[in-house]
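> below is the sequence, then the predicted model.
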Amino acid sequence: MKLLLVEDELEIQDFLKPSLADAGYEVDVANDGQAAEKLASAHVYDALIVDLGLPDQDGIDLILRLRKIGVASPVLILSARRSVDDRVAGLELGGDDYLTKPFALAELLARLRNLLKRNIAVSAGPTMLRVGDLELDLLRRRASRAGDLLNLSPQEFGLLEYLCRHAGRVVTRSMLLAEVWGMRIQPDTNVVDVHIYRLRGKVDSEGRVPLIKTLRGVGYVLETQEAATA
């Protein structure tokens with residue numbers, strides 16, 4: 001497994017690179033966003049570990065640019081920013097998991113293993129998901145309905161993918177926070193409701209049979225088209 005560590009603090013570099021190597025990973029290191037973009041464009045990495053406080057740019061801007069040029073590798077964000085809003089923003093804008101500084105090596109390795117397992121599972125499984133006339137291309141990270149491309153953010157795509165994988169079954173806000181946003185506790189946030197609202201506006205736009213249903217006080221369900229029209 002090959003990793004790209006994007007971190008400008010030499011102390012953290014000197015600690016993480018050998019620790020990751022001892023865990024069996026091959027590690028490249030970038031000191032800033034510009035170097036990281038060059039490396040990520042030239043090599044295929046199994047995962048990226050990205051610090052948000054880079055000397056030449058915000059790590060979020062780097063992640064957004066990497067996603068735009070087609071880098072789909074999972075990203076573990078490292079940051080001293082600890083607020084719920086910061087974590088949500090990082091996950092919404094292309095990060096796959098978020099770890100605050102200071103951190104324990106054991107937790108970083110565990111989160112990294114989970115990211116890699118999740119990525120392998122998606123790669124090894126079907127590359128397309130279909131629910132009625134809704135279609136998700138997992139390789140190109142594109143969604144369409146009745147042939148019309150849906151303009152989804154990375155977080156909206158992840159949310160829709162989870163709903164599709166559980167089509168016909170109720171999923172709770174707790175499940176979505178844990179599996180899509182990586183939050184094992186339930187902060188006082190309406191992030192799920194906001195994203196469901198936006199997603200419904202794109203998937204169930206005017207003239208289409210509604211697929212995303214809210215079960216008040218319980219959660220959400222993505223119905224099969226047959227159930228939605230019954």
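It's in.
> distance check, the residue nearest the centre of the chain against residue 158.
Residue closest to the average C-alpha location in the chain (Cα atoms, centre = their mean): residue 96, at 3.5 Å. Residue 96 sits 8 Å away from residue 158, taking Cβ to Cβ, to the nearest Å as the criterion. For glycine as for every other residue, the C-beta is placed from the backbone atoms N, C-alpha and C.
> next: residue 102.
Using Cβ to Cβ, residue 102 is found at 28 Å from residue 158.
> could you give the mean pLDDT of stretch 109-126?
The average of the pLDDT scores along stretch 109-126 is 72.
> could you do stretch 11-21 as well?
94.
> pLDDT score for the residue nearest to the centre of the chain?
pLDDT, read off for residue 96, is 83.
> how many neighbours does the closest residue to residue 2 other than its chain neighbours have?
Nearest residue to residue 2, sequence neighbours excluded (Cβ to Cβ, 6 or more residues apart in numbering): residue 26, at 4.6 Å. Residues within reach of residue 26, counting by other Cβ atoms under 10 Å, total 11.
> residue 114 against residue 97, yeah?
Yes: with contact defined as Cβ atoms under 8 Å, residue 114 reaches residue 97; the gap is 7.5 Å.
> what about these two, which has more around it?
residue 97 (21 against 15).
> tell me the bridge partners for that one.
Counting by DSSP bridges, residue 97 forms beta bridges with residue 76.
> just the CA atoms of stretch 21-29, as CSV, please.
Provided in CSV are the C-alpha atoms of stretch 21-29 (Å, rounded to 0.1, in the frame of the first residue of the first chain):
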residue,chain,number,x,y,z
ALA,A,21,6.7,2.2,7.2
ASP,A,22,6.9,-0.1,10.2
ALA,A,23,3.2,-0.8,9.7
GLY,A,24,3.9,-2.0,6.1
TYR,A,25,3.2,1.1,4.1
GLU,A,26,5.3,2.8,1.4
VAL,A,27,5.3,6.6,2.1
ASP,A,28,6.0,9.6,0.0
VAL,A,29,6.1,13.0,1.8
